[in-house]
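Chemist: Turn this into a structure:
(one chain, ligands or ions: 1)
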Amino acid sequence: MSDYDVLVLGSGPGGQKAAIASAKLGAKVALVERRNMIGGVCINTGTIPSKTLREAVLYLTGMSQRELYGQSYRVKDEITIGDLTARTSHVVGREVDVIRSQLTRNGVTILPGMGRFIDPHTVQVSDGSGQERSVTADKIVIATGTTPARPSSVDFDAQTIIDSDGILGLEKIPRSMIVVGAGVIGIEYASMFAALGTKVTVIEQRMRMLEFCDTEVVEALKYHLRDLAVTFRFGETVSAVEKRKNGTVAVLESGKKIPADTVMYSAGRQGMTEFLDLPKAGLAADKRGRIKVDSLFRTEVEHIYAVGDVIGFPALAATSMEQGRLAAHHACDEPAHEMHQLQPIGIYSIPEISYIGRTEDELTEQRVPFEVGVSRYRELARGQIIGDSYGVLKLLVSPEDRSLLGVHVFGTGATELVHIGQAVMGCGGTVDYLVDTVFNYPTLAESYKVAALDATNKIRQITMID
Ligand SMILES: Cc1cc2nc3c(=O)[nH]c(=O)nc-3n(C[C@H](O)[C@H](O)[C@H](O)COP(=O)(O)OP(=O)(O)OC[C@H]3O[C@@H](n4cnc5c(N)ncnc54)[C@H](O)[C@@H]3O)c2cc1C
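Modeler: As a prediction, the model looks like this:
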């Protein structure tokens, strides 16, 4: 007899949902997590603090209202780091509370500490104060997430050379900042600091950024960020960061030297598998600390599952939750579908980006014909009311069967709006559904109808030429 039916390691989105879904299915469940990390990276250092910080920046700078009230409009003239962290701590505290309560009210036992395998069914939990206990379980779900990857040549400290975790510990808003790596996290923080008035330089080894997104949308984002005084250095590599009395100097391989108060590395993430002693469970991780799984999130050892960032792409809170739920259903012998093919991507840059389905470049490469329907927020009453003149929604439509092949949104509410397109695509709807639908007015959702009319008018043009 094992102590538990299901034991979950890590309380991020993947672990939480695995634990709660297992408990709902009647399993006896325990979850292992460090005392101060309930909610995982997502709640404590990643998604939630960064999105709260963004909201605080948008509110306090008054940025989203400047089109209406003038370029000098501010809610607060001197924004301090305290103004930003106050909101973040408030939200993080509340969220930790919500998650703890959800776990306990579903009867999940929380075992404080870090778990390490003793054998494939036994985990030793060390609580950090020298206390250790061993627990056994029939099924185990690894949801231990990741930590920021730190190049060994870089001398990280808390204030001048930091990774994304270090943002939350900054004592003041830097006057200048270098962001190394133009991935999603790098670009989100570059946007926030640029909005605060920090002079930001983004350095990226590759010649492009966010290649997986629509090219026009990325061009629009770069235009907006340059307008906020962001400098991009593409095709450049940082060879060294020198610490000086009043900040840092980044030396690039091309010979350029760039001074900045703070350098933030956003150079990928490493799976948290080192502590797990995976070989004792008959498992191994790759060199980035990631664990291989099949489509049901089973590892090579039949009763051990892995979900969330520790299994790699797409490494989002959104997907981790669903992986956790599906792994739990499988572990508890409850029928479940496989992960849905359609996955939304949301990037909380300023302005924000979101999409579902394929891009124009992908469709062209795959020789799939498509027509584009565009709606610009400035032509929507809601766009004028909220003062968003740059937002755009783009539908990619098949002229053959009129299905939606992709939805790309740039501007206010993009990460919410995309789900209308996702629902239509997921249910096999066509562009005609959007043409025939009545949307609330004035809304940004109306952009779907405008873009659908645009696409169908263009498709009709082809037949009208005869
Ligand atoms: C700055 C930033 C912004 C982000 N923004 C977004 C966003 O806007 N939208 C989005 O969807 N995603 C976002 N993400 C990604 C998102 O945070 C992750 O995809 C998500 O947190 C991964 O969830 P997870 O279940 O893998 O666990 P994690 O949240 O990574 O948590 C893992 C937990 O496991 C614990 N753990 C580790 N080892 C052990 C062990 N041996 N025993 C017990 N516990 C252990 C850790 O203490 C940690 O609490 C962002 C990430 C970062 C860093």
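
Chemist: Ser403 and Gly428 touch, don't they?
Modeler: Yes. The pair Ser403 / Gly428 is scored as a contact, 7.5 Å apart, by C-beta atoms under 8 Å. Placement of C-beta: from N, CA and C, glycine included.

Chemist: Looking at those two, which has the bigger crowd around it?
Modeler: Set Ser403 next to Gly428 and count neighbours by other C-beta atoms under 10 Å: Ser403 wins out with 16 against 9.

Chemist: who's the more buried one bridged to?
Modeler: Beta bridges link Ser403 to Thr430, judged by DSSP bridges.

Chemist: how about it, what does it touch?
Modeler: Applying C-beta atoms under 8 Å, 6 or more residues apart in numbering, we find Ser403 in contact with Val397, Met425, Gly428, Gly429, Thr430, Val431.

Chemist: ditto for Ala284
Modeler: Neighbours of Ala284 in contact, by C-beta under 8 Å, 6+ apart: Leu278.

Chemist: Kindly report the same for the one 4 residues further on.
Modeler: Applying C-beta under 8 Å, 6+ apart, we find Arg288 in contact with Ala149, Gly268, Gln270, Gly271, Gly312.

Chemist: In three-state terms, label the closest residue to the fourth one other than its chain neighbours for me.
Modeler: Nearest-residue entry for Gly271: Gly289, 2.8 Å, with adjacent residues in sequence omitted and distances by C-beta to C-beta, 6 or more residues apart in numbering. For Gly289, the reduced secondary structure class is coil; criterion used: DSSP: H, G, I helix; E, B strand; the rest coil.

Chemist: quick one: Gly289 and the ligand, what's the gap?
Modeler: Note on Gly289: its distance to the ligand, by C-beta to the nearest ligand atom, to the nearest Å, is 10 Å.

Chemist: Report pLDDT for that residue.
Modeler: Looking at Gly289, its pLDDT is 97.

Chemist: Asp466 now?
Modeler: Listed pLDDT for Asp466 reads 65.

Chemist: quick one on the thing from earlier: nearest to the ligand, of the contacts of Ser403?
Modeler: Taking C-beta to the nearest ligand atom as the measure, the ligand sits nearest to Met425 out of the contacts of Ser403, at 19.3 Å.

Chemist: Am I right that the residue nearest to Gly271 is in contact with Gly268?
Modeler: No. Using C-beta under 8 Å, Gly289 is not in contact with Gly268; the gap is 10.8 Å.

Chemist: Between those two, tell me which one has more neighbours.
Modeler: Set Gly289 next to Gly268 and count neighbours by other C-beta under 10 Å: Gly289 wins out with 22 against 15.

Chemist: Phe313 belongs to a helix?
Modeler: No. Phe313 sits outside any helix when classified using three-state DSSP, being coil.

Chemist: Starting from Ser403, give me the distance back to it.
Modeler: Applying C-beta to C-beta, to the nearest Å, the value for Phe313 to Ser403 is 26 Å.

Chemist: What of Gly26?
Modeler: As judged by C-beta to C-beta, Gly26 and Ser403 stand 40 Å apart.

Chemist: Could you find the residue in the stretch 201-350 of the chain that comes nearest to the ligand?
Modeler: Gly308 (2.3 Å).

Chemist: Which of the helices or strands spans the closest residue to that residue other than its chain neighbours?
Modeler: Closest residue in space to Gly308, ignoring its immediate chain neighbours: Gly14 at 3.0 Å, by C-beta to C-beta, 6+ apart. For Gly14, the element it lies in under DSSP states H and E is helix 13-24.

Chemist: Which strands and helices lie in contact with that helix?
Modeler: Contacts defined by 3 or more C-beta pairs under 8 Å, 6 or more residues apart in numbering; DSSP states H and E place helix 13-24 against strand 4-9, strand 29-33, helix 40-44, helix 81-105, strand 132-142, helix 317-331.

Chemist: Select, out of the ones you listed, the one closest to the ligand.
Modeler: So among these, helix 40-44 is nearest, using C-beta to the nearest ligand atom, at 2.6 Å.

Chemist: Could you report the separation of the closest residue to Arg402 other than its chain neighbours from Leu342?
Modeler: Closest residue to Arg402 apart from its sequence neighbours, by C-beta to C-beta, 6+ apart: Thr430 at 4.2 Å. Distance, Thr430 to Leu342, using C-beta to C-beta: 15 Å.

Chemist: more crowded one of the two?
Modeler: Set side by side, Thr430 and Leu342 show more neighbours around Thr430, with 18 against 12, by other C-beta under 10 Å.

Chemist: Run through who's touching the helix or strand hosting Val200.
Modeler: Per DSSP H and E, Val200 falls inside strand 199-204. Strand 199-204 has contacts (C-beta under 8 Å, 6+ apart) with 175-182, 186-187, 190, 193-194, 209, 225, 228-238, 250, 252, 258, 260.

Chemist: sec struct for Ser239, please.
Modeler: Going by three-state DSSP: Ser239 is strand.

Chemist: okay, now it: neighbour count?
Modeler: Per other C-beta under 10 Å, the neighbour tally for Ser239 reads 12.

Chemist: So for it, what's the nearest residue that isn't a sequence neighbour?
Modeler: The shortest distance from Ser239 to any non-neighbouring residue, by C-beta to C-beta, 6+ apart, is to Glu253 (4.8 Å).

Chemist: Next: Leu68.
Modeler: Nearest to Leu68 is Gly387, by C-beta to C-beta, 6+ apart, at 4.2 Å.
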